[in-house]
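Colleague: Turn this into a model:
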Amino acid sequence: HHFFAVTMARPGCDRYEGIIKHSSFGREIVTEKPGTEQFCALRLDKTGIITSFVYLGAAPIEESNWKSMVGLSESALNHLASRYDEGVITDLPAFFRENWAMALYHDRFGEFRMALRQELEEDDDFKRVMLEVQDSADFKAKKTIRPSDFVDLLPESKRNLVRLRLQDYISNNQNQLSMYLVPSSKIMKSMDDTKLR
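Modeller: Here you go, the predicted model:
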């Protein structure tokens with residue numbers, strides 16, 4: 001048998017013993033497919049950020065796509081942890097090949113994330129919420145603060161801004177991300193035209 005082995009990790013997260021003993025370690029999500037000789041483990045820190053993954057299997061995975069997920073929140077990955085806990089995800093490679101994930105692998109997604117981050121870091125509401133979180137008892141007690149908890153503290157106008165920026169990103173890259181329906185997509189326009197008749 002020929003096997004493919006892929007390991008990817010943030011700097012300082014390269015040895016298993018060090019990863020699980022580190023104070024920031026949150027949890028490990030593991031899928032195995034009996035009979036297919038496939039093992040996959042994804043590790044999250046306490047805030048739900050992917051720190052590393054390991055894949056061993058007879059079939060190759062899309063290594064560059066997986067590499068782009070290290071450093072992302074599991075909530076940005078279609079709420080990976082809760083869906084895994086619910087038993088919805090039993091095969092990580094298959095899950096990451098689903099249509100919902102295509103925008104994450106686009107070559108301009110990194111640019112989008114950086115531009116959005118820069119815009120938010122300069123925003124007064126964002127700064128205020130960051131200070132609130134840092135002053136919170138949970139943060140001081142080093143409890144897990146998930147990105148979704150943070151986002152919930154933002155005013156509705158800022159949450160809408162993030163949604164709008166995401167829609168813009170998908171619209172601007174619609175030629176390669178046609179599986180997403182956004183108001184400016186051809187499919188949505190034809191649906192609207194049909195409704196008007």
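
Colleague: Glu28: neighbour count?
Modeller: Residues within reach of Glu28, counting by other C-beta atoms under 10 Å, total 15. In short, each C-beta sits where N, CA and C put it, glycine included.

Colleague: can you confirm it is in a strand?
Modeller: Yes - counting by DSSP: H, G, I helix; E, B strand; the rest coil, one finds Glu28 located in a strand.

Colleague: And the helices in the protein, which stretches?
Modeller: Per DSSP state H, the chain carries helices over the ranges 16-21, 63-67, 80-85, 92-95, 102-105, 109-121, 124-135, 137-140, 147-153, 156-172, 186-196.

Colleague: could those go into TSV alongside mean neighbour count, mean pLDDT and distance to Thr51?
Modeller: Supplementary listing: the helices of the chain in TSV, determined by neighbours: other C-beta atoms under 10 Å; pLDDT from 0 to 100; distance: least, C-beta to C-beta, whole Å:
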stretch	mean neighbour count	mean pLDDT	distance to Thr51
helix 16-21	12	74	7
helix 63-67	14	89	13
helix 80-85	17	93	13
helix 92-95	18	93	15
helix 102-105	18	83	17
helix 109-121	13	86	17
helix 124-135	13	85	20
helix 137-140	10	72	19
helix 147-153	14	76	15
helix 156-172	14	84	24
helix 186-196	10	57	37
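
Colleague: what would the ones you listed look like in TSV with distance to Val30?
Modeller: TSV is the format used below for the helices of the chain (distance: least, C-beta to C-beta, whole Å):
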stretch	distance to Val30
helix 16-21	12
helix 63-67	15
helix 80-85	9
helix 92-95	8
helix 102-105	21
helix 109-121	26
helix 124-135	30
helix 137-140	28
helix 147-153	23
helix 156-172	30
helix 186-196	37
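
Colleague: Out of those, which gets nearest to Ser178?
Modeller: Nearest to Ser178 among the helices of the chain is helix 186-196 (7.9 Å), distances taken as C-beta to C-beta.

Colleague: can you pull the contacts of Leu72?
Modeller: Taking C-beta atoms under 8 Å, 6 or more residues apart in numbering, we find Leu72 in contact with 49-50, 104.

Colleague: same deal with Ile170?
Modeller: Neighbouring residues of Ile170 by C-beta under 8 Å, 6+ apart: 103, 177, 180, 182.

Colleague: Cheers, nothing more for now.
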